[in-house]
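Chemist: Sharing a sequence plus its predicted fold:
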Amino acid sequence: MHVLAFARTDDPVKAIAAHAQDPQLAFIAGGTDLLGLIKARAALPERLLDINHLPEMARIDTLPNGDLRIGALARMSDVAAHGGVRAHFPAVAEALLFAASGQLRNMASIGGNIMQRTRCAYFRDEDGLPCNKRRPGSGCSALHGINRNHAIFGWSDACVATNASDVAVAFAALDARVVVRGPNEERSIPFADFHRLAGDAPERDNVLGRGDLIVAIEVPASPETHASHYLKVRDRQSYEFALVSAAAAVAADGRRIRSARLALGGVAHKPWRLTEAEAALGGASLDDLDALRSAISVSFADARPLAHNAFKIELAQRVALRALQIAGARA
Ligand SMILES: Cc1cc2nc3c(=O)[nH]c(=O)nc-3n(C[C@H](O)[C@H](O)[C@H](O)COP(=O)(O)OP(=O)(O)OC[C@H]3O[C@@H](n4cnc5c(N)ncnc54)[C@H](O)[C@@H]3O)c2cc1C
Ligand code: SF4
């Protein structure tokens, strides 16, 4: 039996200091990922520190300049239902509504969501199969195993897992920032830099260190955020992680694209921004499907499928195109 000590705090300074000093302590918010990991013995902290009573961290605010600030303890369901989020940041609301189940969304926090760990079955399996993310140095069972759900971009021989968060894909496309308070300072991390590629250290999902507490996610307002959409393809219609997903955001002059932003989920160890496609889409007509397809395909030149997931290359391009069209109709 694994014994856990549980404590609660309403003091962020003490929470950060406790986490910085104690490598066996984990923050717990909704517990919907962490408790599953503990049951699967993929995480075995000795102490849990409940952060749900930290002040001001469950707020959802539209700032005077129109930017959105979502406290890390805001629940997924509250963010998805928020009028300002639905009206001005629809991709964020849609990504949350397509995720998990109603009960989970009521419990799960935004901070916990972007911290959730991969759904790679080998990582969550208790049978002791090699997994570098779970046991560094043991190998990667998915590399030549069952890898239908795994990455087509940016993977390394050490790990081919994908990031499972839906809303992270929307945040990446909308140029959000993660506000983090550490032992010495508060800093604001561009979303694209928050999650890591696996490289040779797949046990590290993101750039946070000991004592780092996510306090909020900030999403800047822009014409693109208003005309945004999140589209998710999965093996069943509800209660399922993305096989492939896309977040698109568009600013247009009439039907001509002024600027476009695209990010994919289910294809890499982090939300995967299609920067080359975004550049190629500038000036294209939203009615010229061949031009849109051709621009999106530019970003797939460096796709590297595994044995069981080559289908994701075509699927991801179709999902990106459809998300772009729907976002374009809102522009
Ligand atoms: C059956 C099932 C289906 C799901 N389907 C989806 C889906 O389709 N799409 C999707 O996106 N997600 C899905 N999820 C994941 C779910 O959204 C996450 O479990 C949830 O968002 C995690 O939030 P939490 O508050 O429960 O985090 P917790 O489980 O409490 O914490 C998760 C991790 O985040 C850390 N943490 C939490 N808050 C902070 C903070 N403020 N600062 C620093 N670290 C912090 C914890 O220490 C822990 O390591 C699913 C989960 C389940 C169980
Ligand atoms: S893909 Fe990553 S998480 Fe999955 S078995 Fe390989 S090392 Fe582990």
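Modeler: Yes, it's here. Ligands and ions are numbered 1, 2, ... in the order given.
Chemist: Which pLDDT value goes with Asp127?
Modeler: Asp127 carries a pLDDT score of 83 in this model.
Chemist: helix or strand for the residue lying closest to Leu286 once chain neighbours are set aside, which one?
Modeler: Of all residues not flanking Leu286 in the chain, Gly328 sits nearest, at 4.1 Å (Cβ to Cβ, 6 or more residues apart in numbering). From N, CA and C alone the C-beta is placed, and that goes for glycine too. Assigned by DSSP states H and E, Gly328 falls within helix 311-330.
Chemist: pLDDT averaged over that helix - what is it?
Modeler: So the average pLDDT for helix 311-330 ends up being 98.
Chemist: so how far is Ala263 from the residue nearest to Leu286?
Modeler: Going from Gly328 to Ala263 by Cβ to Cβ, to the nearest Å gives 16 Å.
Chemist: swap in Phe241?
Modeler: Counting by Cβ to Cβ, the gap from Phe241 to Ala263 is 16 Å.
Chemist: Pick out whichever of these two has more residues nearby.
Modeler: Ala263 (32 against 20; other Cβ atoms under 10 Å).
Chemist: Surely the more buried one is within a strand?
Modeler: Yes. Assessed with DSSP: H, G, I helix; E, B strand; the rest coil, Ala263 lies in a strand.
Chemist: How about the contacts made by the residue nearest to Leu286?
Modeler: Residues near Gly328 by Cβ atoms under 8 Å, 6 or more residues apart in numbering: Ala227, Ala248, Val250, Ala252, Arg255, Ile257, Leu286.
Chemist: Can you show me the helices along the stretch 101-250 of the chain?
Modeler: 102-107, 110-115, 121-124, 167-173, 191-194, 223-226 (DSSP state H, counting those that start in this stretch).
Chemist: Quickly, which of the ones you listed bottoms out on average pLDDT?
Modeler: helix 223-226 - the lowest mean pLDDT of the helices of the stretch 101-250 of the chain, at a mean of 93.
Chemist: Show me which positions of that helix end up buried.
Modeler: Glu224, Thr225, His226 (16 or more other Cβ atoms under 10 Å).
Chemist: Could you single out the nearest of the residues you listed to ligand 1?
Modeler: When those are ranked by distance to ligand 1 (Cβ to the nearest ligand atom), Thr225 comes first, at 19.4 Å.
Chemist: quick one: the closest one and Leu174 touch, right?
Modeler: Yes. Judged on Cβ atoms under 8 Å, Thr225 makes contact with Leu174 at a distance of 5.2 Å.
Chemist: what touches both of those two?
Modeler: Phe89, Ala91, Val219, Ala249.
Chemist: Just the buried ones from those?
Modeler: Phe89, Ala91, Val219, Ala249.
Chemist: Kindly confirm my reading that the second one is in a strand.
Modeler: Right, Ala91. No. Counting by three-state DSSP, Ala91 falls outside a strand, being helix.
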